[in-house]
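J.: Pasted the sequence and its predicted model underneath.
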Amino acid sequence: MLAGVAYGVLDAIIAAVFLTVYKNLILTVLAKSIPSSVSVSAASLYSLAVDIAIAFAIVGGIVIGMLLGVVFSLTFDRLPGRTGMTKGAFFGVVMWLIFNVLLGAGNIRYGTMFYVASIAAGLTISLVFGVILGRLFETGMKRLTALNPVV
């Protein structure tokens, strides 16, 4: 759960940074796509988009983080590495390759710089999540072993 919260918060921070950096581009696209008969401004839509993106990033990050935690626990013994943090870092890189590189390839339509920035941000989030997940999992397993020693 804690790793999922960390993933969600990091994802929200990255979303806020991206929306801030690309604000002018987003406002231009929004202004062109709003029909003249609608009395909503591009700025108000942008503000709403920022709020929604941050909320979805946090909630979605927690849910996805919890699901990935289950996958991690099921694959822990098969992952390379000796420590939970190493296994978590490896898991994070695999997660990054799947979600950001392969499934995120459609983001290139927004421009090469956006795609490269999203790849870099995704790697950061995935590595931090993986390391936290590995550390928490290893700590939890040590506590369980201490409570229930194998005879």
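T.: Cool, got the structure.
J.: check contacts around the nearest residue to V5 once chain neighbours are set aside.
T.: Residue nearest to V5 in three dimensions, not counting chain neighbours: I62, with 5.8 Å by CB to CB, 6 or more residues apart in numbering. Glycine gets a C-beta too; all of them are placed from N, C-alpha and C. When contacts are counted by CB atoms under 8 Å, 6 or more residues apart in numbering, I62 touches M1, G4, V5, Y7, G8.
J.: Go through the helix or strand hosting I62 and flag the buried ones.
T.: Take DSSP states H and E as the rule and I62 turns out to sit in helix 42-75. Buried residues in helix 42-75, defined by neighbour count with 16 or more other CB atoms under 10 Å: 42, 45-46, 50, 53-54, 57-58, 61-62, 64-65, 68-69, 72.
J.: That one: what's the following helix or strand?
T.: Using DSSP H and E, the helix or strand that directly follows helix 42-75 along the chain is helix 84-96.
J.: Only C-alpha atoms, please: export that following helix in CSV.
T.: Below are the C-alpha coordinates for helix 84-96, written out as CSV (Å, rounded to 0.1, in the frame of the first residue of the first chain):
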residue,chain,number,x,y,z
GLY,A,84,14.6,-6.9,-2.1
MET,A,85,15.8,-3.5,-3.3
THR,A,86,17.7,-5.0,-6.3
LYS,A,87,14.8,-7.2,-7.2
GLY,A,88,12.5,-4.2,-6.9
ALA,A,89,14.8,-2.1,-9.1
PHE,A,90,14.7,-4.9,-11.7
PHE,A,91,10.9,-5.1,-11.4
GLY,A,92,10.7,-1.3,-11.8
VAL,A,93,12.8,-1.4,-15.0
VAL,A,94,10.6,-4.2,-16.5
MET,A,95,7.5,-2.3,-15.5
TRP,A,96,8.9,0.9,-17.2
